[in-house]
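Enquirer: Dropping the sequence and predicted coords here.
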Amino acid sequence: MKRAQIIQSIRETPSWDMIVIGGGASGLGTALEAVSRGYRTLLVEAHDYAKGTSSRSTKLVHGGVRYLAQGNVHLVREALHERGLLKKNAPHLVHDMGFVIAAYQWWAAPFYGIGLKMYDMLAGKLNLKSSRYVSKDEALRHAPTLKQEGLKGGILYYDGQFDDSRLAITLLRTFEQHGGVAVNYAPVVGLLKDGAKIAGVTLRDSETGETIEARASVVVNATGVFVDDIRRMENPQAKAMLSPSQGVHVIVDKKFLPGDAAIMIPKTEDGRVLFAVPWHEHVVIGTTDTAVPNVDLEPRALGEEIDFILRTAAQYLNPAPKREDVQSIFAGLRPLVKAAEGGETKALSRDHVIRISEGGLITLTGGKWTTYRRMGADTVNQAEGLVKWQGKPSITEGLKLHGWTMDNLEEHWKVYGTDAPLIQKLDGATQILNPELPYTEAEVRWAVRMEQARTVEDVLARRLRALLLNARASAHMAPRVAAIIAEELGYDEAWQQAQVREYSELVNGYILQ
Ligand SMILES: Cc1cc2nc3c(=O)[nH]c(=O)nc-3n(C[C@H](O)[C@H](O)[C@H](O)COP(=O)(O)OP(=O)(O)OC[C@H]3O[C@@H](n4cnc5c(N)ncnc54)[C@H](O)[C@@H]3O)c2cc1C
């Protein structure tokens, strides 16, 4: 559907079963769950799908080895189950990745080995390959740049890896295929009430300035670190539910980790884990955990966070990346939940949290990308209870996501699944946008026509991953991308210039000055 038709259908629909606010992992997961159970569902996103935390993850589909170390067995089992389902339902977007934990002390391999055997066990029938001890030589075969001095061997275990914003777009497409309506660049600016009960939202079309009222039986607030803003639209006195923390990653060339495996550093100087993971012919290294007083849509990495990542990587890698090797830096905010407040019910105790206000606003937050489906299912179950619907069974455990294929596509085209041959038929399928990255002009056209991309940033940051992989190279692509979008959507020269200017400003936050 074209944007004008989407807006028209929102204007003309007298009432929805459910409105979901927020187009990240939580919102998309909930919206797909609702629509696939047969509920008329509208999803409203203020900026672009996955603009928030959901495009800024470590790119792992995992149970969370760290939670296991904390003894949180239930949580790990649930996430490992979801890991297995996601691999089955989106094999074009999720693949197995080996992780080497290097052992430099005699006790390290048996210590981590036992924990990872348990990790395998908790995955049950959906386990990936089993973890095992590896010799020094084998560790180096998988991760050739590991520091060799004192290396005794290690553990090789398996988790999943994915492309986060591509999964978001895939969920969007699946949601639309089931009859759901989703709109981006349409912030919710107010909540509608019937007496004290939440009865819908007021949204603003950012492109035209028009405000529209949309009514629904249930409204779900899935706005990530912005959930408190929406809660305060109902109750201006509501106390903050979140205390967010920031996580930073740096991206470097694949030569710093040229093997087939990632490395996992189980204990950094601040007691966390750090990953270096091959991703789209580059390496993602992170992350950090820094409490932040304010939330921002474009959080900025702190100098000390980048120093910490490079310093820690240098203890394990040889050669180690230096500041001048960093091709991009990105920061994301974790929605960490504080204790519940009076008048609200804490519906479920999981890694994610669902709270229902007195007026019936359902807030979903916390959790992780890996468990988006479970979070969506729990939220729709809560909604069914709240509105006293009969309750319909969930079908998402076995629901194949848009583009599903087991075909072994060429690496670059994999994320599109069955869409790949369709994109390859478009104009510009062999026209590379910049020699540093494999992206083509045809993909830009596809993003605009089929994936609701509206701006240069939507294309370069989330439909393609150029901003994260090589921020400077992505800036060189911006004028051509602006020209293609303008051609597709009928924009003028001034629009293109403004887009390129805005994009260059954005890029400044992703490069080391
Ligand atoms: C550093 C880091 C690394 C991580 N790594 C992993 C990992 O490897 N694997 C994993 O499984 N999980 C990982 N996670 C967790 C995972 O990324 C998050 O749990 C998930 O992305 C949160 O999604 P969300 O939808 O709740 O929030 P978001 O993605 O932030 O989405 C919220 C959306 O709401 C929109 N919004 C805000 N206000 C409004 C409004 N008024 N109207 C309409 N829309 C609005 C925003 O624009 C945004 O798009 C990581 C998290 C961090 C911070």
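Expert: Perfect, thanks for sending it.
Enquirer: Show the end-to-end separation of stretch 18-29, please.
Expert: One end of stretch 18-29 sits 13 Å from the other (C-alpha to C-alpha, to the nearest Å).
Enquirer: what does stretch 421-437 give?
Expert: Stretch 421-437: ends 20 Å apart by C-alpha to C-alpha.
Enquirer: buried stuff in the one helix or strand residue 485 maps to?
Expert: Following DSSP states H and E, one finds residue 485 within helix 471-489. Neighbour counts over helix 471-489 (16 or more other C-beta atoms under 10 Å) mark 471, 473-478, 480-486 as buried. Where C-beta positions appear, they are placed from N, C-alpha and C, glycine not excepted.
Enquirer: What residues of the next helix or strand after that helix count as buried?
Expert: Scanning forward in sequence from helix 471-489 by DSSP H and E, the next helix or strand is helix 493-508. Buried residues in helix 493-508, defined by neighbour count with 16+ other C-beta under 10 Å: 496, 499, 500, 503, 506, 507.
Enquirer: And the second one, what's its pLDDT?
Expert: Per-residue confidence (pLDDT) for residue 499: 98.
Enquirer: same check, this time on the fifth one
Expert: According to the model's per-residue confidence, residue 506 sits at a pLDDT of 98.
Enquirer: Verify the stated contact: it with residue 328.
Expert: No. Counting by C-beta atoms under 8 Å, residue 506 does not reach residue 328; the two are 11.6 Å apart.
Enquirer: Common neighbours of those two, please.
Expert: Counting by C-beta atoms under 8 Å, 6 or more residues apart in numbering, the contacts common to residue 506 and residue 328 are residue 467.
Enquirer: which residues touch whichever residue of the stretch 401-513 of the chain sits closest to the ligand?
Expert: Evaluated by C-beta to the nearest ligand atom, the stretch 401-513 of the chain has residue 462 as its residue closest to the ligand, separated by 10.2 Å. Neighbouring residues of residue 462 by C-beta under 8 Å, 6+ apart: 48, 49, 50, 51, 55, 165, 168, 169, 453.
Enquirer: and it, helix, strand or coil?
Expert: Of the three states, residue 462 takes helix under DSSP: H, G, I helix; E, B strand; the rest coil.
Enquirer: Name the nearest residue to it, sequence neighbours excluded.
Expert: Leaving out its chain neighbours, the residue that sits closest to residue 462 by C-beta to C-beta, 6 or more residues apart in numbering is residue 165, at 4.0 Å.
Enquirer: do residue 445 as well
Expert: residue 426 (5.2 Å).
Enquirer: quick one, phi/psi of the one you found?
Expert: phi -80, psi 160 (degrees, to the nearest 10).
Enquirer: my read: it touches residue 442, true?
Expert: Yes. Judged on C-beta under 8 Å, residue 426 makes contact with residue 442 at a distance of 4.0 Å.
Enquirer: ok, now which ones touch the residue nearest to residue 462?
Expert: The contact partners of residue 165, taken as C-beta under 8 Å, 6+ apart, are 49, 50, 54, 55, 461, 462, 463, 465.
Enquirer: what's the spacing between it and the ligand?
Expert: 9 Å (C-beta to the nearest ligand atom, to the nearest Å).
Enquirer: looking at this, that residue is in a strand?
Expert: No. Counting by three-state DSSP, residue 165 is not part of a strand but helix.
Enquirer: quick one: pLDDT of it?
Expert: At residue 165, pLDDT is 98.
Enquirer: Next, the contact list for residue 170, please.
Expert: Contacts of residue 170 by C-beta under 8 Å, 6+ apart are 90, 93, 401, 402, 403, 417.
Enquirer: Look up how far residue 402 lies from it.
Expert: The gap separating residue 170 from residue 402 is 5 Å, by C-beta to C-beta, to the nearest Å.
Enquirer: how about the residues of the chain near the ligand?
Expert: Selection of the chain residues close to the ligand by C-beta under 6 Å from any ligand atom yields 21-27, 44-47, 51-54, 56-60, 62, 187-188, 222-224, 226, 230, 247, 287, 332-335, 365, 367-370.
Enquirer: residue contacts, the nearest residue to residue 455 once chain neighbours are set aside?
Expert: Leaving out its chain neighbours, the residue that sits closest to residue 455 by C-beta to C-beta, 6+ apart is residue 499, at 6.2 Å. Residue 499 is in contact with 455, 456, 478, 482, 485, counting by C-beta under 8 Å, 6+ apart.
Enquirer: Now do the first one against residue 87, distance only.
Expert: Using C-beta to C-beta, one gets 32 Å for the distance from residue 455 to residue 87.
Enquirer: what do you get for the fourth one?
Expert: Relative to residue 87, residue 482 is positioned 37 Å away (C-beta to C-beta).
Enquirer: With the last one instead?
Expert: For residue 485, the distance to residue 87 equals 34 Å [C-beta to C-beta].
Enquirer: do the same with the second one
Expert: Distance, residue 456 to residue 87, using C-beta to C-beta: 33 Å.
Enquirer: quick one: which of these two has more around it?
Expert: residue 456 (30 against 18; other C-beta atoms under 10 Å).
Enquirer: so that one makes contact with residue 501?
Expert: No. Applying C-beta under 8 Å as the test, residue 456 and residue 501 come out as separate, 10.0 Å apart.
Enquirer: Geometric centre of the chain: which residue is closest?
Expert: residue 54 (2.7 Å; C-alpha atoms, centre = their mean).
Enquirer: so what's that one up against?
Expert: Residue 54 neighbours (C-beta under 8 Å, 6+ apart): 24, 25, 164, 165, 168, 224, 369.
Enquirer: before we move on, the earlier item: of the contacts of residue 170, which pair is most distant in space?
Expert: The most widely separated members of the contacts of residue 170, counting by C-beta to C-beta, are 93 and 402 (9.9 Å).
Enquirer: Now do the shared contacts for those two.
Expert: Common neighbours of residue 93 and residue 402, using C-beta under 8 Å, 6+ apart, are 170, 417.
Enquirer: More neighbours: which of the two?
Expert: residue 93 (26 against 20).
Enquirer: show me the contacts for the more buried one.
Expert: 162, 163, 166, 167, 170, 401, 403, 414, 415, 417 are the contacts of residue 93 under C-beta under 8 Å, 6+ apart.
Enquirer: Just say helix, strand or coil for the residue nearest to the third one when sequence neighbours are not counted.
Expert: Spatial nearest neighbour of residue 166, chain neighbours left out: residue 415 (4.5 Å); criterion: C-beta to C-beta, 6+ apart. Here residue 415 takes the helix state, with states given by three-state DSSP.
Enquirer: got it, and the one 3 residues further on?
Expert: Local secondary structure at residue 418 is given as helix here, using three-state DSSP.
Enquirer: I'd guessed it sits against residue 401; true?
Expert: No. Between residue 418 and residue 401 there is no contact under C-beta under 8 Å: 10.8 Å.
Enquirer: Appreciated, that's everything.
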